[in-house]
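1. Structure for the following, please:
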Amino acid sequence: MEFILFLDASEKKILDLVQKANYQVEENTPLCLIGQKFFGFLKKQQRKVVICTENAKRYGGYNFIKDKSTGGSFKTGLMIRRALRHESVHIAQECNNGKLINIFDKKKLKISPYKLEALRASTELTGELDKEYEAYAMEDNPKKIISALKKFCFVN
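-> Numbering: from 1, shown residues only. Predicted structure coming up:
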């Protein structure tokens, strides 16, 4: 799977936890054709995460602008890493009986203005504003995501 090339150590740990929680990861499935600005999906009933690497490459200009130090596009990698982290928050929510995980104080749970369009698009698909908001707010904090996965998906 090509998307693995774009992951950092934190995302590789998240991927490992996702797989240990019995979720499969797929890449570039027909679901990605819903829209080019979608980079990931969670198929809850099938316990599958879909990463839309081709959409991220198109969005990030991967085939046009390459970072000489990494051999890839920074924006492409960022979108792929965020997609995995975002869908992993949803997995932690599922492991928490489909409820919010509430790792952050609600007052501190903020998303940046540039994510509002993505929040609207995701909410249109899922109809779950609170869960999407939590996922967008947490997706840039891999340590919190790792904690949430461990806490909710691997209860002793």
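
2. which helix in this protein runs the most residues?
-> Scanning the chain for the helix with the most residues, using DSSP state H, yields helix 74-95.

3. For that one, name the packing helices and strands.
-> Contacts defined by 3 or more C-beta pairs under 8 Å, 6 or more residues apart in numbering; DSSP states H and E place helix 74-95 against helix 9-20, strand 40-43, strand 48-51, helix 53-60, helix 129-138, helix 142-153. C-betas here are computed from N, CA, C, even on glycine.

4. In the last one, which residues are buried?
-> Read that as helix 142-153. 142, 144-146, 148-149, 152-153 (16 or more other C-beta atoms under 10 Å).

5. same question, the first one
-> Of the residues in helix 9-20, those buried under the neighbour-count criterion (16+ other C-beta under 10 Å) are 10-11, 13-15, 17-18.

6. now those residues as TSV including distance to residue 117 and pLDDT?
-> As requested, the buried residues of helix 9-20 are exported to TSV (distance: C-beta to C-beta, whole Å; pLDDT from 0 to 100):
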residue	distance to residue 117	pLDDT
10	25	97
11	23	97
13	29	98
14	24	98
15	27	98
17	29	98
18	26	98
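
7. and which of those residues is nearest to residue 77?
-> Proximity to residue 77 was ranked across the buried residues of helix 9-20 by C-beta to C-beta; first place goes to residue 11, at 9.6 Å.

8. Below-threshold pLDDT in the protein: ranges please.
-> Low-confidence segments of the chain (pLDDT under 70): 63-73, 103-109, 156.

9. at 90 what do you get?
-> 1, 37, 59-75, 102-130, 155-156 (pLDDT under 90).

10. Please tabulate the buried residues of helix 9-20 in TSV, including the columns distance to residue 51.
-> Formatted as TSV, the buried residues of helix 9-20 follow (distance: C-beta to C-beta, whole Å):
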residue	distance to residue 51
10	16
11	11
13	16
14	12
15	10
17	15
18	11
